[in-house]
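> predicted coordinates and the sequence they were generated for:
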Amino acid sequence: MKEPSRQARWERRTQAPLLVLAVAFALAYAVPIVAPDASPQVHRACTHAEWVVWGAFAVDYLVRLGLSADRKLFVRTHWLDLAAVVLPLVQPLRLLRLVATLMLVGRRARMAPQIRLTTYVAGAVVGLLMFGSLAVLSVERDAPDGNIKNLGDAVWWSFTTMTTVGYGDHSPTTGLGRVLAVGLMLSGIALLGVVTANIAAWFIARFERDDRVELAQTAAITALAEEVRALRAEVALLHGPAGAPAREDHTGGPEEQDRERAPDRERDRDPDRDQSAVVTASAPTP
């Protein structure tokens, strides 16, 4: 069995801690938005927690890059991780720290073999709904013409946007809010496509399994028919040519055969008696 690489061992060991940090990031991001009247110390603590989590993901990326056998290939195949780590350094794109954490957690979650596609899609839907609501609320609440003023309105808007329904009763008015709306629309369409493809793949796999069972049964019936034909041919050979009557056996049973052979055995035991009988039979009658 091939031994896992150092990079694979590192990813396996750090998966659970990074998921815990992602949950901490979600809480630190949500508290200032849900409770804007919280004390400045709470806001500072949440901001520090966000940067600590981002730093942990950045360190994880650098360590995996150092443990990779081919670093150029690692950068080409993990460009989303690199973008998620680098983009939050740009201060005007502070909200991308949220997107960065989501991308990194999602990528690490896909590496776990025990997480199936359905679970990942469900988690992605819940995560996008929650973080999309928080993000649009943070940028639209203080907008002069904004109509998303509380968490309920934000969640409703996120749900209708992800499902591409778009009632229009709530909509973003700021540029960043509209960028978030486009992202949610595209994410909703992509997740719907993944769910549809997953369901279609399940039906196809089911039909293929039924076809394999039917083919196996047909092959078994065909083999059984061949055996029956072979047995019939052997029986026909044992009974001679087709239409010829079977030979009758006139030898009789064992007792009848013993009676037929008794005179021969008597002659073999008394040959003088047979000779006298011959002489007597040949003598002239007086």
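Arrived safely, thanks for sending.

> could you use CA atoms for every contact and neighbour count after this?
Will do.

> the stretch 51-200 of the chain: helices as residue ranges?
71-77, 79-86, 96-111, 117-140, 151-162, 175-238 (DSSP state H, counting those that start in this stretch).

> most packed of these?
Highest mean neighbour count among the helices of the stretch 51-200 of the chain (mean count of other CA atoms under 10 Å): helix 151-162, with a mean of 21.

> state the mean pLDDT of it.
For helix 151-162, mean pLDDT rounds to 88.

> Serialize the helices of the stretch 51-200 of the chain to TSV and add fields for distance to Thr14.
Output for the helices of the stretch 51-200 of the chain, formatted as TSV (distance: least, CA to CA, whole Å):
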stretch	distance to Thr14
helix 71-77	18
helix 79-86	15
helix 96-111	9
helix 117-140	19
helix 151-162	31
helix 175-238	27
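
> right, and those - which one's nearest Pro32?
Nearest to Pro32, of all the helices of the stretch 51-200 of the chain, is helix 117-140, at 8.9 Å by CA to CA.

> tilt between the closest one and helix 151-162?
Interaxial angle, helix 117-140 versus helix 151-162 (axes from the mean of the first three to the mean of the last three CA atoms, to 10 degrees): 130 degrees.

> ok so, going back, and Cys46, which of the helices of the stretch 51-200 of the chain is closest to it?
Comparing those by CA to CA, helix 96-111 comes nearest, at 13.1 Å.

> if we can go back for a sec, out of the helices of the stretch 51-200 of the chain, which is closest to Pro40?
helix 117-140 (16.6 Å).

> for the record, mean pLDDT for the helix or strand harbouring Ala28?
Per DSSP states H and E: Ala28 is located in helix 6-34. Mean pLDDT, helix 6-34: 81.

> which strands and helices lie in contact with that helix?
helix 40-67, helix 96-111, helix 117-140 (3 or more CA pairs under 8 Å, 6 or more residues apart in numbering; DSSP states H and E).

> ok, and for it, which residues are buried?
Within helix 6-34, the residues that count as buried by 16 or more other CA atoms under 10 Å are 7, 11, 18-19, 21-22, 24-26, 28-30, 32-33.

> pull up the distance across stretch 145-155, start to finish.
Stretch 145-155 has an end-to-end distance of 19 Å (criterion: CA to CA, to the nearest Å).

> sorry, back to before: ok, the buried residues of helix 6-34 vs Asp210, which is closest?
Glu11 (38.9 Å).
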